[in-house]
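Participant: sequence first, predicted model second:
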Amino acid sequence: AQSVAQPEDQVNVAEGNPLTVKCTYSVSGNPYLFWYVQYPNRGLQFLLKYITGDNLVKGSYGFEAEFNKSQTSFHLKKPSALVSDSALYFCAVRNPMDTGRRALTFGSGTRLQVQP
Amino acid sequence: EAQVTQNPRYLITVTGKKLTVTCSQNMNHEYMSWYRQDPGLGLRQIYYSMNVEVTDKGDVPEGYKVSRKEKRNFPLILESPSPNQTSLYFCASSLLAGGGETQYFGPGTRLLVL
């Protein structure tokens, strides 16, 4: 069974500072990894994904994530946080061998609070 | 605009009163899916569909039904809602291509069952 852990319920960072939201996963074989963001009263918005290739993936709004196979991690990063980045962030994994159900397994979410 | 829409966005109902949450996508996606989101549990898949008339159970299908009569629509049906189905529901869709396709989510439907 696959799983995702987001060890921090909340991350606080000052505006302008770099931010990291942590994610570790467990899945058989090579994973498909995703990050989504949820703003209040909004749906999940796709940020970025790792399928194959370069371990550093760049996505929307200046976010990036690094796939580390040995540490089974896919941490989300941004060099300079904005107050508008404050939201709930979800990491998700899918097993490429699952060509049927294609279910994303989500972490429990990390709330990012960026202080002015 | 490419999007997944859900209706209603908010719904309060009583135990046992049948309800339907609609989901529609305008991206010609073959794959559609329903998830529920509960605090501390992330999102869990309820049902999914690979194409018209092809549906199957996800992780938590009990108490739910779905249908896929048209490619763009994938309604979620609660025949006899119970309080433990109070949750935030998301519909998602994606292409079925080579793999790793991004799933796009609707805005969510917040359901309260009294």
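Facilitator: Yep, it's here.
Participant: for the rest of this, base every contact and every neighbour count on C-alpha atoms.
Facilitator: OK.
Participant: all helices for chain A, in order.
Facilitator: In chain A, no segments count as helices under DSSP state H.
Participant: taking chain B, what residue is nearest to chain A?
Facilitator: residue B:107 (3.7 Å; CA to the nearest CA).
Participant: can you tell me how far that residue sits from residue A:89?
Facilitator: Plainly put, residue B:107 is 15 Å away from residue A:89 if you go by CA to CA, to the nearest Å.
Participant: ok, now which ones touch residue 43?
Facilitator: Chain wasn't specified; assuming chain A. B:90, B:105, B:106, B:107, B:108 (CA atoms under 8 Å, 6 or more residues apart in numbering or on different chains).
Participant: you looked at the wrong chain, it should be chain B
Facilitator: Residues counted as contacts of residue B:43 (CA under 8 Å, 6+ apart) are A:105, A:106, A:107, A:108, B:35, B:36, B:37.
Participant: the residue of chain B closest to chain A and residue B:6 touch, don't they?
Facilitator: Yes. The pair residue B:107 / residue B:6 is scored as a contact, 6.7 Å apart, by CA atoms under 8 Å.
Participant: just list whatever residues bridge to the residue positioned nearest the centre of chain B.
Facilitator: Nearest residue to the geometric centre of chain B (CA atoms, centre = their mean): residue B:34, 2.9 Å. Here residue B:34 sits in beta bridges with residue B:47, residue B:91, going by DSSP bridges.
Participant: and it, what pLDDT?
Facilitator: pLDDT, residue B:34: 97.
Participant: dump the residue contacts of it.
Facilitator: Counting by CA under 8 Å, 6+ apart, the residues that residue B:34 touches are B:45, B:46, B:47, B:48, B:76, B:89, B:90, B:91, B:92.
Participant: what about the fifth one, how many residues nearby?
Facilitator: Residue B:76 has 22 neighbours, counted by other CA atoms under 10 Å in any protein chain shown.
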